[in-house]
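S.K.: Okay, here's the prediction I keep looking at, along with the sequence it came from:
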Amino acid sequence: MNGLESALLQELTGGAEPKLLLRTRTRIDCGCWWRSTPVWLCISGSELILFAVARRRYSERVPRADCHSSDYMATTGELVIESATALRMNRIKLTPREALNVIDKLTN
């Protein structure tokens, strides 16, 4: 995790230690010229947070309680985050082990 990502994580979590922090294989355009930026998934307290930062910032947060029916799609290799609120990015590329860990943290 680089300095910009650490600073954004601290800002989003209020300095609290996340229960889970993963660098996903999903990438988003955050203003880099030749490459996209990796999306981080964080479970902190009662929220699931997605974020990325380069020249621009991307962040979304949703209550963990709203993600109770999230599921892993083995055919695409993506965690599908089912939430009551609309997420800009609701499909996150993860390994099966990482996805199961996320689902476990979301439900417990």
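M.R.: Cool, the structure landed. Numbering: from 1, shown residues only.
S.K.: Please confirm that Glu82 is located within a helix.
M.R.: No: with DSSP: H, G, I helix; E, B strand; the rest coil as the criterion, Glu82 is assigned coil and is not in a helix.
S.K.: Please look at it and Arg91 and confirm they touch.
M.R.: No: with contact defined as Cβ atoms under 8 Å, Glu82 does not count as touching Arg91 (10.6 Å). In this view, the C-beta of every residue, glycine as well, is placed from N, C-alpha and C.
S.K.: so the residue nearest the centre of the chain, which of the three states?
M.R.: Centroid-nearest residue in the chain, with Cα atoms, centre = their mean: Leu41, separated by 2.3 Å. Recorded secondary structure, Leu41: strand (three-state DSSP).
S.K.: Secondary structure element for Asp104, which one?
M.R.: Using DSSP states H and E, Asp104 sits within helix 96-107.
S.K.: cool, Pro38 as well?
M.R.: When elements are assigned from DSSP H and E, Pro38 belongs to strand 37-44.
S.K.: which helices and strands sit right next to that strand?
M.R.: helix 3-13, strand 20-28, strand 47-53, helix 96-107 (3 or more Cβ pairs under 8 Å, 6 or more residues apart in numbering; DSSP states H and E).
S.K.: Ser36 is nearest to which of those?
M.R.: Judged by Cβ to Cβ, the one of these that comes nearest to Ser36 is strand 20-28, at 3.7 Å.
S.K.: In the protein, where is pLDDT below threshold?
M.R.: Within the chain, the segments meeting pLDDT under 70 span 84.
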